[in-house]
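> This is a predicted model, with the sequence first.
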Amino acid sequence: MEDRIGRELRRHQLALRMIAHRARRHTICNFAGLTREKIKTLRREWHVKSEGRRRGPSPTLLSAFFRSARMRSEASVIALFCRIHGAVPAENIVEAARYYPNLDRGERLCDVYEAYRTYFPESEVNFELIVLLAIGLAEPNSLDLRRCSTCPGIVVIDLLSVKNRDCSQCARTEERRRKDSISGAKAALTGKKTHKPVVRDQQKRAAQGSTDHAPERKVRGTQKLEEQRGQETQKGDGGQEDLNDGQESDKEC
Ligand SMILES: [Zn+2]
């Protein structure tokens, strides 16, 4: 008799906690084992305002936990809290969405949510997401808590995906390293383009016996020499002097 009364009291207490955490009505019904009408009556008796109450279906997409680095970090911490508070059983539950909810797990999830919000009051993770995460961890071949593939950190992973096996910190470091590598490769390519003509011109200058002047100067000097050659009649060493003169005069310009 006492057990029945005690259990009924726990159902009502759980319903009150979940209402305070703005859980949806069907979520409260599933965990507390109360009917929709009973929840409605309790809301009315406890003078719970309907403003801000979450309506509609609960979130079902596990991708919500991998949407951003922050969300992944928060999901990892919450998953750890679920393990610590015993909200997720050691054994997997087939069809966890149907068989996971019960009174005991509902109380443990409230403990997780309250502890998490105490540590991270600024978090925007709501109670329904914590329920989804716990069901995902309980379901076989869904979510799991594993060690980061790079560091000793613990991270929640999607067992059906090869992505997101690193913690957010390591993922950011890897992303920075990749960007640096790409920008380094681009810089190397750019440098190659600018140096290549210089090498060619150096070879040309070497073939023509001059190594000290920039390519355009040499070209302009050569043009001037040809003009002067048309005007003067002397050849041989004088021609070389004219070449030097042409370069010098071009340099002065
Ligand atoms: Zn890591």
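That came through, no problem.
> which secondary structure element contains residue 114?
With elements taken from DSSP states H and E, the one containing residue 114 is helix 103-119.
> Quick check: buried residues in that helix?
Of the residues in helix 103-119, those buried under the neighbour-count criterion (16 or more other Cβ atoms under 10 Å) are 105, 106, 107, 108, 109, 110, 111, 112, 113, 116, 117. Bear in mind the C-beta positions are built from the backbone N, C-alpha and C, glycine included.
> now the residues you listed as JSON lines including pLDDT?
Below are those laid out as JSON lines (pLDDT from 0 to 100):
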{"residue": "105", "pLDDT": "97"}
{"residue": "106", "pLDDT": "97"}
{"residue": "107", "pLDDT": "97"}
{"residue": "108", "pLDDT": "97"}
{"residue": "109", "pLDDT": "97"}
{"residue": "110", "pLDDT": "97"}
{"residue": "111", "pLDDT": "97"}
{"residue": "112", "pLDDT": "97"}
{"residue": "113", "pLDDT": "97"}
{"residue": "116", "pLDDT": "96"}
{"residue": "117", "pLDDT": "95"}
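> circling back to that earlier point, show me what the helix holding residue 114 is packed up against.
With contacts defined as 3 or more Cβ pairs under 8 Å, 6 or more residues apart in numbering; DSSP states H and E, the packing partners of helix 103-119 are helix 2-20, helix 25-32, helix 69-84, helix 127-138.
> Helix 127-138 and the longest one, what's the angle between them?
This points to helix 2-20. 120 degrees (axes from the mean of the first three to the mean of the last three Cα atoms, to 10 degrees).
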